[in-house]
Structures are given as C-alpha cells and as structure tokens.
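# Below is the structure, and that's it, no one-letter string:
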C-alpha cells in the first residue's frame with residue numbers, strides 16, 4: 001500500500017513539473033530566440049508573427065548532379081594487311097602523340113614500293129592517263145612504307161593491346177586502343193525542372209570522393225533533346241574540366257558528384273523569399289512602426305534563389321521585418337541559427353520547428 005502511494009505521489013510531482021515547464025515556455029514566446037529570428041506577439045490581435053533581422057550573408061545557389069567520367073577512345077587499326085613485327089606498348093602504358101605502338105614487316109611493303117616505282121618509270125612514255133594512275137599507285141606505296149611504324153594519335157593511356165607479333169594486321173582488326181586523357185569529361189543528366197537554370201557555360205565543381213579531390217569545370221554541352229526513362233524526363237549534359245584531371249588520378253568510368261553553381265554572392269543583404277510581397281507599386285517588405293502597425297517598405301531586389309532574395313535598395317542592415325504566418329509556403333533554408341517555420345496560430349503557437 002505504501003509503495004503504491006509513493007508511486008502516485010511521484011506521478012503527481014512529474015505532472016506538476018511538466019505543467020510548469022509548458023507555462024514558462026509559453027510565457028516567454030514573445031522572444032523565442034534572442035538571435036536573428038523571433039516569434040513576436042501582436043498586441044492588436046493576441047496572435048503571433050515571425051520577424052527576421054536583415055543581415056549581410058553569403059548566398060550560394062547550386063544544383064547537385066551525379067555522373068561519371070568519359071573520354072574519347074582511339075581504336076588503332078592498320079590500312080595494310082602485313083605481318084606484325086613488333087609491339088611497343090602494353091595495357092596501362094602512358095603514351096604521347098607520335099609514340100610508336102606497332103611495327104609492321106617492312107619487307108613486303110618495300111617490295112610493293114619497288115614494284116610501283118618500276119611501273120611508274122615504264123609508264124612515262126605511255127598515255128598521260130596511265131602515267132597519272134601509276135603515279136598515284138607509287139605515292140600510296142611510298143605512304144605505306146613510311147607508315148611501317150604505327151604511332152599514337154593522342155596523349156593518353158593504353159586501354160587494350162590486341163596486336164601480337166607474327167600475326168597479320170587488317171583494316172577490320174583493332175591493334176591497340178587508347179584513352180585520350182586530354183578529353184576527359186563528366187557526363188550527367190539534369191531533371192527537366194532544372195532546364196531553365198542550367199545553361200552551357202555554368203561553372204561547376206566536380207567531386208571525386210574516392211580520390212578526395214574537387215576539380216572546377218563548366219557545362220560544355222547541353223543536349224537539345226530530352227530523354228524519357230520510366231516517365232522521368234531528363235536532359236544529358238557534358239562537363240569539361242578546367243585542368244588536366246588525369247594528374248589527380250581521374251580515369252574514364254569513375255563516378256562523381258557535380259555541383260552546378262548557379263549563383264554565388266558574398267556580403268549582401270538578404271531576406272527570406274516569403275518575406276517579399278508585391279503590389280501595383282512594386283515589391284515591398286513589412287515592418288512594424290512604433291504604434292505596432294504594419295507598414296510597407298518598398299525595395300529593389302536583385303538575385304534570388306529558392307530560399308532568399310537579395311535586397312539592393314530600400315532597407316538597412318539590422319532592420320526587423322515581419323514574416324506573415326503562411327504554413328503552405330516551403331520553409332526557407334540556410335538562414336542561419338534560430339530560423340523558425342511559421343506555423344503559428346492566433347492566440348498562441350505550436351510546432352514552430354527549428355531548421
């Protein structure tokens with residue numbers, strides 16, 4: 001019996017503590033946050049509204065994409081059907097323009113050149129058209145002889161080597177493939193909702209988490225047509241690097257995160273998007289005068305993101321502006337410590353969530 005009485009006493013004490021805490025919290029609601037944003041009681045109606053102190057801030061605005069690295073690949077073949085005499089490279093080698101890749105047998109090519117030369121000499125006393133044809137044959141034989149060593153057409157990395165000594169080359173068989181590292185680019189797709197804001201030339205940051213590397217770049221191509229996959233509409237884009245990405249270990253096929261920088265300004269006056277109103281006279285903010293009456297202050301705005309608006313003229317730093325209660329408007333982000341979602345109701349408030 002005594003044990004049960006003690007439990008009841010403790011429950012009553014706990015209820016009183018909770019009640020007192022709730023009352024204290026409501027009693028201090030007029031200054032919910034002593035910092036930048038506050039819930040202020042409206043003396044005229046007994047309700048509450050949210051204020052915001054205008055400050056200078058940095059407003060980055062970006063769209064994040066996920067993509068992968070791609071590059072041009074050269075597939076090296078031979079225009080001549082000749083025996084492969086030597087292979088100079090192996091998979092993974094780094095090559096430069098003009099480096100030897102494969103050497104063909106010179107014996108057959110030299111023999112063909114000498115035969116073409118003899119035919120040309122013999123045709124000089126004949127019809128002009130025959131002389132012209134034999135000259136073409138001789139030039140081709142000379143060109144083939146000069147190309148007995150097949151060289152790299154690009155700077156890059158050897159992806160694969162199919163050429164083998166003793167086998168014969170042909171126009172249809174690949175000898176070596178080379179990834180052109182100077183052509184490394186990132187490819188991604190943008191959502192159709194971002195089409196109006198992502199343009200050719202937009203600056204980007206390409207992040208490779210596996211390498212712990214971030215490289216700047218820019219949108220170099222936006223496809224003129226969209227793709228539809230499973231009801232999702234997207235537009236392919238290509239991103240070029242501002243520098244040689246291969247020196248950081250970036251290779252074709254790697255995944256990456258791409259941040260498209262739509263805007264980045266520092267030390268500017270900003271207010272939440274939801275605080276800006278407009279009428280026939282232009283855009284304005286709401287402030288409270290000394291009598292507690294809301295007043296319109298007309299402003300000139302600059303850049304804006306989904307969350308905030310740049311103020312160019314009309315309001316000073318430190319001014320307290322009013323943000324009306326409007327639960328249907330998305331909660332702005334990145335406004336700093338102390339911002340509250342305005343779901344406040346007349347006669348009190350509830351669920352004012354900090355973001």
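It's in. Quick caveat: nothing in here was measured; it's all calculated off a predicted structure.

# pLDDT below threshold where in the stretch 201-350 of the chain?
263-264, 324-350 (pLDDT under 70).

# how about the strands of it, start to end?
With DSSP state E, counting those that start in this stretch, the ranges of strands along the stretch 201-350 of the chain come out as 203-208, 213-222, 227-229, 232-241, 255-272, 277-279, 282-288, 294-298, 300-304, 308-313, 320-323.

# of all those strands, which lies closest to residue 169?
strand 232-241 (33.9 Å; C-beta to C-beta). No exception for glycine: its C-beta is placed from N, CA and C like everyone else's.

# Need the strands of the stretch 201-350 of the chain in TSV (columns: mean neighbour count and distance to residue 50).
Listed next are the strands of the stretch 201-350 of the chain as TSV, based on neighbours: other C-beta atoms under 10 Å; distance: least, C-beta to C-beta, whole Å:
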stretch	mean neighbour count	distance to residue 50
strand 203-208	19	34
strand 213-222	16	37
strand 227-229	9	42
strand 232-241	18	37
strand 255-272	17	9
strand 277-279	11	14
strand 282-288	17	11
strand 294-298	13	13
strand 300-304	15	19
strand 308-313	19	15
strand 320-323	18	4
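
# among the ones you listed, which is nearest residue 145?
strand 232-241 (39.8 Å).

# who does the closest one touch, helix- and strand-wise?
The elements that strand 232-241 packs onto, with contact taken as 3 or more C-beta pairs under 8 Å, 6 or more residues apart in numbering; DSSP states H and E, are strand 185-191, strand 203-208, strand 213-222, strand 227-229.

# I'd like those strands laid out as CSV, including distance to residue 132.
Below are the helices and strands packed on strand 232-241 laid out as CSV (distance: least, C-beta to C-beta, whole Å):
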stretch, distance to residue 132
strand 185-191, 46
strand 203-208, 55
strand 213-222, 45
strand 227-229, 52
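
# Quick check: which of those is nearest to residue 127?
Closest of the helices and strands packed on strand 232-241 to residue 127 is strand 213-222, at 53.6 Å (criterion: C-beta to C-beta).

# doesn't residue 188 make contact with residue 66?
Yes - the criterion here is C-beta atoms under 8 Å, and residue 66 meets it with residue 188 at 6.5 Å.

# shared neighbours, the two?
By C-beta atoms under 8 Å, 6 or more residues apart in numbering, residue 66 and residue 188 have these common neighbours: residue 258.
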